[in-house]
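Undergrad: Structure of the sequence below:
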Amino acid sequence: MKKITTVLLLFALIFSLTACASEEQPPAQTTEVVSQTATTIAQTETTAQAETTAQAETATQTEELPLLKVGVLKGPTGFGMSRLMEDVATGATPLNAEFEIMPTPDKIVPLIVQGELDFACVPTNMASILYNKTGGEVKLCAVNTLGVLHLVGSAEMAEKINGVADLKGMQLSSSGQGAVPEYLLNKLLADNGVDGDVVVDYSASHQELATAVAAGERELAVLPQPFVTIATMKGEGVKQILDLNDEWLKLYPDTPITTGCIIVKKDLLEKNPQYVDQFLEGYKASIEWVVGNHQEASVLIEKHGIFPKAKVAEKAIPHCSIVYLDKEAAKQSVNAFLNVLYEANPKSVGGKLPADDFYK
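TA: Numbering: from 1, shown residues only. Model prediction:
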């Protein structure tokens with residue numbers, strides 16, 4: 001309608017100018033005015049058509065991008081997603097995604113089994129469980145977190161311990177009984193020859209144990225991030241003594257602990273592999289930004305509900321081993337890690353080790 005009105009006004013202007021020219025101007029000047037006005041009309045029509053075409057193309061592109069539903073766990077496994085969540089929320093990326101924050105892995109399982117999530121950030125052993133539970137309907141795309149377990153304790157204990165073997169004859173506490181922390185700690189103790197000489201108390205949760213350590217009620221404890229940071233920030237004299245990922249690498253240099261990963265629904269991967277790759281590229285860029293911008297990332301982590309306190313997240317990020325390792329870089333380490341868990345308890349990986357098609 002705007003274009004038609006513009007054209008009509010221009011034609012009226014031509015008529016007016018022509019009439020005036022017949023009384024006041026020589027014929028050559030009248031011809032020039034008409035020619036210039038006709039050119040203006042053509043340019044206006046061309047511009048309007050270009051704008052309409054661009055708008056139509058933008059609308060089509062937006063409509064063609066399917067909505068991705070993404071499950072994100074609270075804690076380090078979800079930290080790397082914070083920048084991408086912000087970009088989607090502000091429209092800084094063409095990706096069309098909806099994120100659901102989950103407090104614990106068990107809450108995310110039914111959504112994946114029922115096919116309600118396209119992507120999910122989960123513990124690596126949970127990815128294996130889901131692969132087995134769904135008959136191979138999920139694929140591991142990349143590892144997003146390496147080892148997050150640390151030994152913390154008093155300054156006095158820190159002076160005595162330089163490695164796992166130094167724990168001989170000591171008593172320590174750990175959270176995560178019947179899960180990955182217990183299996184990894186047992187493996188480290190056994191491979192350092194002190195599994196029968198260390199007493200481990202598994203009676204407390206992550207939060208309870210972090211509080212007890214900060215209060216000086218436990219001298220030694222194994223905790224995951226960010227609870228390590230909570231304990232060291234709140235407890236006077238509490239030290240981070242050993243990074244268990246470093247201790248693991250002393251024994252297995254080429255196979256780091258692969259704690260967390262991102263998985264994708266097989267159906268989406270088969271139907272729209274390019275969009276899957278586009279999302280993963282955005283996710284990788286998000287992780288790299290988080291690793292390089294601790295303070296800014298911590299604000300987004302709190303804003304999007306991944307962890308409640310930005311100050312703790314900021315201190316924890318450097319110790320959370322946040323990475324992006326694709327299939328080629330991570331497969332050997334994931335297989336080794338899952339094999340350790342399988343030997344400790346087959347149920348921890350879903351009853352059996354996944355086949356090669358577990359990987360994207």
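Undergrad: Contacts only, for residue 309.
TA: Residue 309 sits next to residue 302 when contact means CB atoms under 8 Å, 6 or more residues apart in numbering. (C-beta placed from N, C-alpha, C; glycine too.)
Undergrad: Could you tell me the model confidence score at it?
TA: pLDDT for residue 309: 95.
Undergrad: Alpha carbons of stretch 186-196, as CSV, please.
TA: The C-alpha coordinates for stretch 186-196 follow below in CSV (Å, rounded to 0.1, in the frame of the first residue of the first chain):
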residue,chain,number,x,y,z
ASN,A,186,39.0,-46.8,44.9
LYS,A,187,40.8,-47.2,41.6
LEU,A,188,43.4,-44.6,42.6
LEU,A,189,44.0,-46.1,46.0
ALA,A,190,44.4,-49.6,44.5
ASP,A,191,46.7,-48.5,41.8
ASN,A,192,48.9,-46.6,44.3
GLY,A,193,49.0,-49.7,46.5
VAL,A,194,47.2,-48.2,49.5
ASP,A,195,43.6,-49.4,49.0
GLY,A,196,43.7,-51.6,52.2
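Undergrad: How is the closest residue to residue 131 other than its chain neighbours assigned, secondary-structure-wise?
TA: Leaving aside its chain neighbours, residue 131 sits nearest to residue 354 (4.8 Å; criterion: CB to CB, 6 or more residues apart in numbering). At residue 354 the chain is in coil, as set by DSSP: H, G, I helix; E, B strand; the rest coil.
Undergrad: Select the helix or strand of this structure having the lowest average pLDDT value.
TA: Within the chain, no helix or strand scores below helix 2-24, which has a mean of 37 by mean pLDDT, DSSP states H and E.
Undergrad: Wait, a helix at residue 195?
TA: No. Under three-state DSSP, residue 195 falls outside any helix and is assigned coil.
Undergrad: Pretty sure the residue nearest to residue 131 sits against residue 129.
TA: No. Using CB atoms under 8 Å, residue 354 is not in contact with residue 129, being 9.5 Å away.
Undergrad: measure residue 220 to residue 72 for me?
TA: From residue 220 across to residue 72, the span is 32 Å (CB to CB, to the nearest Å).
Undergrad: neighbour count winner among the two?
TA: Neighbours were counted for residue 220 and for residue 72 using other CB atoms under 10 Å; residue 72 has more, 27 against 23.
Undergrad: Check the offset of the one helix or strand the more buried one maps to from the chain's centre.
TA: In this structure, residue 72 sits in strand 68-73 according to DSSP states H and E. Taking CA atoms, centre = their mean, to the nearest Å, one finds strand 68-73 lying 9 Å from the centre of the chain it belongs to.
Undergrad: strands paired with it, and their directions?
TA: strand 97-102 (parallel), strand 119-123 (parallel) (DSSP bridges).
Undergrad: can you state the direction angle for the helix or strand just after the shortest one and strand 119-123?
TA: Sequence order places helix 124-133 as the next helix or strand after strand 119-123, per DSSP H and E. Counting by axes from the mean of the first three to the mean of the last three CA atoms, to 10 degrees, helix 124-133 lies at 120 degrees to strand 119-123.
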